[in-house]
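Asker: This is a predicted model, with the sequence first.
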Amino acid sequence: MTLKILAISGSLRKKSYNSALLKACQLLAPDSTEIILFDGLAEIPPFNPDIEASSVESVLKLKQLLALSSGLIISSPEYAHGVSGVLKNALDWLVSEPEFVDKRVAIFNTSPRASHAINALHEIIRTMSGNIEIQACLTLPLLGSELSYEGILEDEHMVQQIRETLDVFCSFG
């Protein structure tokens with residue numbers, strides 16, 4: 001049986017370090033684990049509590065992927081000491097949704113100095129009743145490295161860190 005993990009990058013940048021890290025994770029996933037990269041963050045409209053989440057196609061896709069997943073990995077940049085707006089918006093659509101409650105979550109970070117966004121994400125996930133697997137959270141210093149996912153895969157130390165983190169996260173499944 002394949003363990004499915006949903007991965008969301010909080011960045012829309014084409015050369016995003018967060019997206020590169022998640023792509024590397026997808027390729028380094030343990031055997032019998034599939035990491036699914038959510039690519040619809042830009043299509044999610046601004047959260048509006050008057051609109052049913054199930055009536056918005058991009059939100060429905062996110063909810064369906066989350067429901068099929070045993071866990072969620074979030075990798076987010078920090079903008080103005082906070083979580084990226086598009087990521088926070090997507091999470092707002094999932095508040096009180098059954099797909100998120102008790103979901104195992106790992107938070108990844110590509111900048112060691114981006115502590116405000118990481119702290120905010122911890123608070124948001126706890127408030128939404130997600131279960132953060134602290135031992136499976138990862139900070140990989142990519143900021144300013146110009147590394148793509150291919151470059152990450154060429155760095156033995158980074159590959160080892162990613163594999164060890166994914167092994168921990170996937171062992172809970």
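Answerer: Done, it's in.
Asker: List the buried residues for whichever strand or helix holds I35?
Answerer: For I35, the element it lies in under DSSP states H and E is strand 33-37. Residues of strand 33-37 classed as buried: T33, I35, I36 (neighbour count, 16 or more other CB atoms under 10 Å). C-betas here are computed from N, CA, C, even on glycine.
Asker: Which strand residues bridge the last one?
Answerer: In other words, I36. Beta bridges link I36 to L6 when assigned by DSSP bridges.
Asker: circling back: give me the mean pLDDT for the strand holding I35.
Answerer: The average pLDDT for strand 33-37 rounds to 97.
Asker: Which other helices and strands does that strand contact?
Answerer: Secondary-structure packing of strand 33-37 (3 or more CB pairs under 8 Å, 6 or more residues apart in numbering; DSSP states H and E): strand 3-9, helix 17-28.
Asker: JSON lines for the buried residues of strand 33-37, including distance to K88?
Answerer: Putting these into JSON lines (distance: CB to CB, whole Å) gives the following:
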{"residue": "T33", "distance to K88": "27"}
{"residue": "I35", "distance to K88": "22"}
{"residue": "I36", "distance to K88": "21"}
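Asker: ok, those residues vs D50, which is closest?
Answerer: I36 (29.7 Å; CB to CB).
Asker: right, and that closest one touches L6 too?
Answerer: Yes - between I36 and L6 there is a contact at 5.3 Å, judged by CB atoms under 8 Å.
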